[in-house]
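1. Got a predicted model here, sequence first, then my questions.
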Amino acid sequence: MKEKHEETYENQTCPRDGRKAVHTVWIAKSTCTRFPDDVLDFSCSLDPDCSECISEYP
């Protein structure tokens, strides 16, 4: 079973125009090291649907 939690990253740089943004990532942490953590959802304070920002969080 994976534990779900939220991580916030402030002062991120937008890859499109260099503006500062806040990224919020909801992650399901794996309880076993054999399985990777899963990104459940993502939000950027500048553009919630920015595919370039989302790609930074595998």
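-> Ah, there it is.
2. I would like the residues contacting stretch 48-58, please.
-> 12, 14, 15, 16, 21, 23, 25, 36, 39, 42, 44, 47 (Cβ atoms under 8 Å, 6 or more residues apart in numbering). C-beta here means a position set from N, CA and C on the backbone, and glycine is covered the same way.
3. ranges for the strands of the protein?
-> Per DSSP state E, the chain carries strands over the ranges 3-13, 20-29, 38-44.
4. Now do the last one and strand 20-29, the angle between them.
-> Okay, so that is strand 38-44. Using axes from the mean of the first three to the mean of the last three Cα atoms, to 10 degrees, the direction of strand 38-44 lies 160 degrees away from that of strand 20-29.
5. Other residues contacting strand 38-44?
-> Contact with strand 38-44 is made by 2, 4, 12, 14, 21-28, 30, 48, 50, 53-54, 57-58, as judged by Cβ under 8 Å, 6+ apart.
6. repeat that with 7 Å
-> Strand 38-44 is contacted from outside by 2, 4, 21, 23-28, 50, 53-54, 57, using Cβ atoms under 7 Å, 6 or more residues apart in numbering.
7. Just put those in a markdown table and tack on neighbour count and pLDDT.
-> What follows is the contacts of strand 38-44, written out as a markdown table (neighbours: other Cβ atoms under 10 Å; pLDDT from 0 to 100):
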| residue | neighbour count | pLDDT |
| --- | --- | --- |
| 2 | 14 | 64 |
| 4 | 11 | 80 |
| 21 | 18 | 90 |
| 23 | 21 | 89 |
| 24 | 15 | 89 |
| 25 | 20 | 87 |
| 26 | 14 | 88 |
| 27 | 18 | 87 |
| 28 | 16 | 88 |
| 50 | 18 | 75 |
| 53 | 23 | 77 |
| 54 | 17 | 76 |
| 57 | 13 | 68 |
